[in-house]
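Q: Based on what follows, work out the 3D shape:
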Amino acid sequence: MDSDRLVTRPYKTALAVAITLLFITLTAVIILLIITSAREDEREQEFSATLTAVQHSAQQTIGALETTATPAPEVIAGQYTFVLQASGPRYGAAPEPESQLVHGLILNDAGQPLDGISVIVWGDYTPLQALATGELAGQEAGRWALALEGQINRRIWAQLAAGGRYLSAPVEVVFEEMDNLRSAAELIFYQTGPLS
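A: So this is what the prediction gives:
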């Protein structure tokens, strides 16, 4: 009977150690499965984001190939009230990467910023739109801006208007996809004649 107790005690101890090791092993396996699953979810999300970016880029490329260029506007002969600064559009780098920006300033005949004039902008991949100036546009007096999505080859035009008539000739701005240093164009118009 004493020998049964001696055999039983080491057996029970060994059994308890074996069961404890089994639970530790199972816990470790479960933790590894959770970590692996989390990594796979992260990889799937990264893969999905990559596919989305590739799809967006492919759609832009297909759109660029299918879209015909906007024809140049007709310049109506006559005296305009505003002219573009003699140096023409001033190009620089856009503040946001992967975008293009056309912006500018309207000055009266005394060289002061002037609000209340609309800027009509249209062109390649840019539907016709009228931009307000100054405080109405959330800009400083006389200022206007239009951010264009993507850095692509495009031509756009800007022209001043008020009261149903054009106040300046249309001004052409040309952006090139690969030229980050020419992804923003500033147009400064100044008044040369009466508004009435």
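Q: Sketch out the low-pLDDT regions of the protein for me.
A: Residues of the chain meeting the criterion pLDDT under 70: 1-7, 56-78.
Q: Okay, helices next: where are they in this protein?
A: Along the chain, the segments classed as helices by DSSP state H run 2-66.
Q: What sits closest to residue 148 if chain neighbours are left out?
A: Nearest residue to residue 148, sequence neighbours excluded (CB to CB, 6 or more residues apart in numbering): residue 100, at 4.3 Å. For the C-beta atoms, the positions are set from N, CA and C on the backbone; glycine is no exception.
Q: Touching, the one you found and residue 154? I think so.
A: Yes. Between residue 100 and residue 154 there is a contact at 7.3 Å, judged by CB atoms under 8 Å.
Q: Pick out whichever of the two has more residues nearby.
A: Each of residue 100 and residue 154 has its neighbours counted (other CB atoms under 10 Å); residue 100 has more, 26 against 21.
Q: can you pull the contacts of that one?
A: Residues near residue 100 by CB atoms under 8 Å, 6 or more residues apart in numbering: 94, 147, 148, 150, 151, 152, 154, 175, 183, 184.
Q: Show the buried residues in those.
A: Neighbour counting by 16 or more other CB atoms under 10 Å classes 94, 148, 150, 151, 152, 154, 175, 183, 184 among those as buried.
Q: Distance of residue 50 relative to residue 44?
A: Distance check for residue 50 against residue 44: by CB to CB, to the nearest Å, it reads 11 Å.
Q: quick one: terminal-to-terminal distance for stretch 154-173?
A: End-to-end span of stretch 154-173 (CA to CA, to the nearest Å): 8 Å.
Q: So which residues lie in contact with that stretch, not counting its own?
A: With CB under 8 Å, 6+ apart as the test, stretch 154-173 has contacts from 69-70, 72-73, 75-76, 80-84, 88-89, 100, 102, 104, 106, 116-126, 130, 148, 174-175, 185, 187, 189, 195.
Q: now with 7 Å?
A: With CB atoms under 7 Å, 6 or more residues apart in numbering as the test, stretch 154-173 has contacts from 69-70, 73, 75, 80-84, 89, 102, 106, 116-126, 174-175, 185, 187, 189.
Q: Could you pull out the buried residues of it?
A: Buried-residue list, stretch 154-173, by 16+ other CB under 10 Å: 154-160, 166-171, 173.
Q: Give me the domain ranges for the protein.
A: As recorded under automatic domain parsing, the domains making up the chain are 1-66, 82-191.
Q: Just the buried residues from the contacts of stretch 154-173, in PyMOL please.
A: The following PyMOL line selects those of these that are buried, judged by 16+ other CB under 10 Å:
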select buried, resi 70+80+81+82+83+84+89+102+106+117+118+119+120+121+122+123+124+125+126+175+185+187+189
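Q: Show me the contacts of stretch 154-173 that map onto strands.
A: When DSSP state E defines the strands, the subset of these inside them is 82-84, 102, 106, 118-123, 126, 174-175, 185, 187, 189.
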